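> Any chance you could fold what I've pasted below:
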Amino acid sequence: MKDYRGVADTVAEEIDAGRLKAGERLPTQREFAREYGIANSTATRVYQELARRGLVVGHVGRGTFVRDISESAAPALSEPADSRVDLELNYPVVPGQAELLAAGLGRLARPGALEPVLAPVGAAGTAATREAAADLLARGGWRPDPARILFAGGGRQAISAAVAALTRPGARLGVEELTYPVLKAIAAKLGVTLVPLAMDAAGLVPEAVEEAHRAEPLHAVYVQPVLHNPLSLSMPADRLDRLADVLLTYGIHAVEDAVWSFLRGDLPPLASRAPERTVLVDSLSKRLSPGLSLGFAVTPAAVTGRVAAALRSGGWMPMRFPLAAMAQWQADGAVETLVRAKRRQAEARQGIARSHLGDFVTRADSASYYCWWELPRPWRADTFVAAAARQGIAVTPAAAFSVGRHRTPHAVRIGLASPTEQTLTRALATLADLARSAPDDLAQD
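Just a heads-up that it's a prediction; the model follows:
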């Protein structure tokens, strides 16, 4: 006898892949039962399960239809009726942030200062902005060579340019088996095949890189050594050394995503171990403010030209104004002030998470703005996400980060940065209560 959850998973995959589109009518339950070779009672439970996941909606006398998932979920807690608690997007903002940044912008707006910073600029920026960027990116005793720094319109664009420069359509890009979701979209647009690589408690396993490369050469590897998203893992020194050895031995380039590494300024990057094989990418928005878009790429000399060409051809070039603003904020201490404040804020919010989720299996770093939550049985990630949405809370399922066909854990990522601390406290309390309860259909099993 087929398990109704498995059949529901199959239909969910059809919806996710777009083969079943929003508004499309499903067969009657009797027709569905015949099509899948299941009992009518099982078909009923499949439709109930799909409704619980928020994937379909039934209309009396009309049938069951694929739901438009862009529709807003019902609100919860004390949020306004047209909003939800967003624990998916993760943009840290601290008190006084706007005022601090405004001071630097005021200096750029003085007579004689504004006109030069509105002129066009290339991917290499200027000597002054490269020096400022080198100071901004420095950590753990490492400071990049300013001559090796390029700029992009944003962090995602820097990643896109690095991948485009190091691969080609049809190339194999090794990635951690749980990775930054945007990378999957970038790879799809560039025609690059992602190869999932095993991880353990210390992060990416270097031997997995070796094994994959020996099976069929990898063109490059994308890795997040510090505060991995979504797991919050940071590679210890010996793991970084071993990974650098593998890159150097086999001549593999790495794209090192350092976007969250400013929260762990004590940890040096992979680029400090294998500078000739690593393109380090970073951005300004997480450090400073979500609307400040500027990306960085620290490149080996041998690939600087290729990355610069990718930035030009992709339309991913920077603008001079954010470059000048970054240099001003770095010079007047605003960057360091905000980084220190965000480190304190991340630690405080991790404390809130521990107070509500301490009885569950979670993984986080005290310096991180996110938490990986392995859900208690019998919860599944998709049903929990749907149940949380009905409470007006958005969380990210493990499947969003998963690469390849390996078994996706029943886990969710909780973003801690975006809501106020009061809203975060109430939302986590709601989610903890939800996890301690049973899914709606448990009593029917």
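> Quick check: buried residues in stretch 429-437?
Within stretch 429-437, the residues that count as buried by 16 or more other Cβ atoms under 10 Å are 430, 431, 432, 434, 435. For glycine as for every other residue, the C-beta is placed from the backbone atoms N, C-alpha and C.
> Geometrically speaking, which residue is the centre of this protein?
residue 180 (4.0 Å; Cα atoms, centre = their mean).
> tally of neighbours for the closest residue to residue 169 other than its chain neighbours?
Excluding its sequence neighbours, the residue lying closest to residue 169 (Cβ to Cβ, 6 or more residues apart in numbering) is residue 191, at 3.4 Å. Residues near residue 191, counting by other Cβ atoms under 10 Å, number 11.
> sorry, back to before: save the buried residues of stretch 429-437 as JSON lines, and put in secondary structure too.
Output for the buried residues of stretch 429-437, formatted as JSON lines (DSSP: H, G, I helix; E, B strand; the rest coil):
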{"residue": "430", "secondary structure": "helix"}
{"residue": "431", "secondary structure": "helix"}
{"residue": "432", "secondary structure": "helix"}
{"residue": "434", "secondary structure": "helix"}
{"residue": "435", "secondary structure": "helix"}
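> closest to residue 294 among these?
Distance to residue 294, by Cβ to Cβ, is smallest for residue 431 among these, at 34.1 Å.
> What ranges in the stretch 301-445 of the chain fall below the confidence cut-off?
For the stretch 301-445 of the chain, residues meeting the criterion pLDDT under 70 lie at 405-406, 440-445.
> CA atoms only for the lengthiest helix in the chain, dumped as CSV, please.
The helix that spans the most residues within the chain, counting by DSSP state H, is helix 334-357. Output of helix 334-357 as CSV, limited to C-alpha atoms (Å, rounded to 0.1, in the frame of the first residue of the first chain):
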residue,chain,number,x,y,z
ALA,A,334,31.6,54.0,10.4
VAL,A,335,32.2,50.5,9.0
GLU,A,336,34.0,49.3,12.1
THR,A,337,31.4,50.9,14.4
LEU,A,338,28.5,49.1,12.5
VAL,A,339,30.4,45.8,12.4
ARG,A,340,30.9,45.9,16.1
ALA,A,341,27.3,46.7,16.7
LYS,A,342,26.1,43.9,14.4
ARG,A,343,28.3,41.4,16.2
ARG,A,344,26.7,42.3,19.5
GLN,A,345,23.3,42.2,17.9
ALA,A,346,23.9,38.8,16.4
GLU,A,347,25.0,37.4,19.8
ALA,A,348,21.9,38.8,21.5
ARG,A,349,19.6,37.3,18.9
GLN,A,350,21.3,34.0,19.2
GLY,A,351,20.6,34.2,22.9
ILE,A,352,16.9,34.7,22.1
ALA,A,353,17.0,31.7,19.8
ARG,A,354,18.6,29.5,22.5
SER,A,355,16.0,30.6,25.1
HIS,A,356,13.2,29.3,22.8
LEU,A,357,14.8,26.5,20.8
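> so where do the helices sit in the stretch 151-300 of the chain?
155-166, 181-190, 206-215, 237-250 (DSSP state H, counting those that start in this stretch).
> Return the member of those helices having the minimum mean pLDDT.
The minimum mean pLDDT among the helices of the stretch 151-300 of the chain belongs to helix 181-190 (a mean of 93).
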